[in-house]
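Novice: Sequence unavailable; structure follows:
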């Protein structure tokens, strides 16, 4: 028989209560382990994706997507909270341009939800979050389903008890590491911070509502400037932070209130981007597929023809 902690309703913190795990609802799973059958898929994810969490040979059919994108519509769905109208992302958007964003409306709490990758197919990862409030950076979302909508609504005041957790990332992400991009454009200036595993990164929003997207400058990509600053006093003007080379199958984002101005952390969305190793047969630092697509020889590092 499985053993659980009588002082907790969910011993393994996997969002499945001990009672439901032991009562065959719908499977009898181990309340002390997030992954009963040890197949690297969490029990909650397997139930959501339709496979048996007690059978290590029965795993979900999922895509090998390398980007997962998440948008928080936030206050744009609630006129009381700074916005007006939907802010769903329905086209290609983001610092790492991607399709098939996972859009979350104005819920303040979400239990594990299966995510889709850039192809639109389900991945192994799930999202859970809590937020004390929702708000929006502008009076109305653009409504074109693109980057302006992404940077409109947000989860408010993440530093006051809220957090964002992603679990169940598979080897597509963990084998070679991955980055997490956290987007921030709010209705006030400041230097908010976001934390993963004790590492806090800050960005500077220089002005108020509707000013933090798009940003211009030599470091801007698609209207985004990303920060890796760990000191709020020296952080550059930016509308996202990027955590690099993470390897765990799960992570939690917490908010940290920085110094100067308002500085409340208010995420518009996040992206999880796998590090995809290049294939470089000739060792010239250029990916073979890129060389072929651009009429270069992937087997010549320049020693035969300097053009390559």
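Specialist: Received the coordinates, thanks. Remember, it's a predicted structure, so these values are computed and weren't measured experimentally.
Novice: In the stretch 51-200 of the chain, mark out all the helices, start to finish.
Specialist: With helices called from DSSP state H, counting those that start in this stretch, the stretch 51-200 of the chain shows them at 147-150, 171-174.
Novice: Can you flag the weakest of the ones you listed by average pLDDT?
Specialist: The weakest mean pLDDT among the helices of the stretch 51-200 of the chain belongs to helix 171-174, with a mean of 89.
Novice: Name the residues that touch it?
Specialist: The contact list for helix 171-174 (Cβ atoms under 8 Å, 6 or more residues apart in numbering) reads 40, 64, 65, 66, 123, 125, 247, 248, 249, 272, 274. Any C-beta I mention is one placed from the backbone N, CA and C, and that applies to glycine too.
Novice: Tell me the one of those nearest residue 12?
Specialist: Nearest to residue 12 among the contacts of helix 171-174, counting by Cβ to Cβ, is residue 249 at 14.5 Å.
Novice: Contacts only, for that closest one.
Specialist: Contacts for residue 249 (Cβ under 8 Å, 6+ apart) come out as 40, 167, 168, 169, 170, 173, 174.
Novice: The nearest residue to the fifth one once chain neighbours are set aside - how many residues pack around it?
Specialist: In this case it means residue 170. Nearest residue to residue 170, sequence neighbours excluded (Cβ to Cβ, 6 or more residues apart in numbering): residue 124, at 4.5 Å. By the measure other Cβ atoms under 10 Å, the count of residues near residue 124 is 25.
Novice: re the thing from before, buried ones among the contacts of helix 171-174?
Specialist: 40, 65, 66, 123, 125, 249, 272, 274 (16 or more other Cβ atoms under 10 Å).
Novice: Test my guess that the last one contacts residue 125.
Specialist: To tie it back to what came earlier, the one meant is residue 274. No - applying Cβ atoms under 8 Å, one finds residue 274 not in contact with residue 125, separated by 11.2 Å.
Novice: just to revisit the earlier point, so which of the contacts of helix 171-174 is the closest to residue 209?
Specialist: Ranked by distance to residue 209 (Cβ to Cβ), these are led by residue 272 at 27.9 Å.
Novice: confidence score at the closest one?
Specialist: Reading off the model, residue 272 has pLDDT 97.
Novice: Show me what the helix or strand that contains it is packed up against.
Specialist: Assessed by DSSP states H and E, residue 272 sits inside strand 267-274. For strand 267-274, the packing partners by 3 or more Cβ pairs under 8 Å, 6 or more residues apart in numbering; DSSP states H and E come out as strand 67-72, strand 153-156, strand 163-167, helix 171-174, strand 178-184, strand 251-256.
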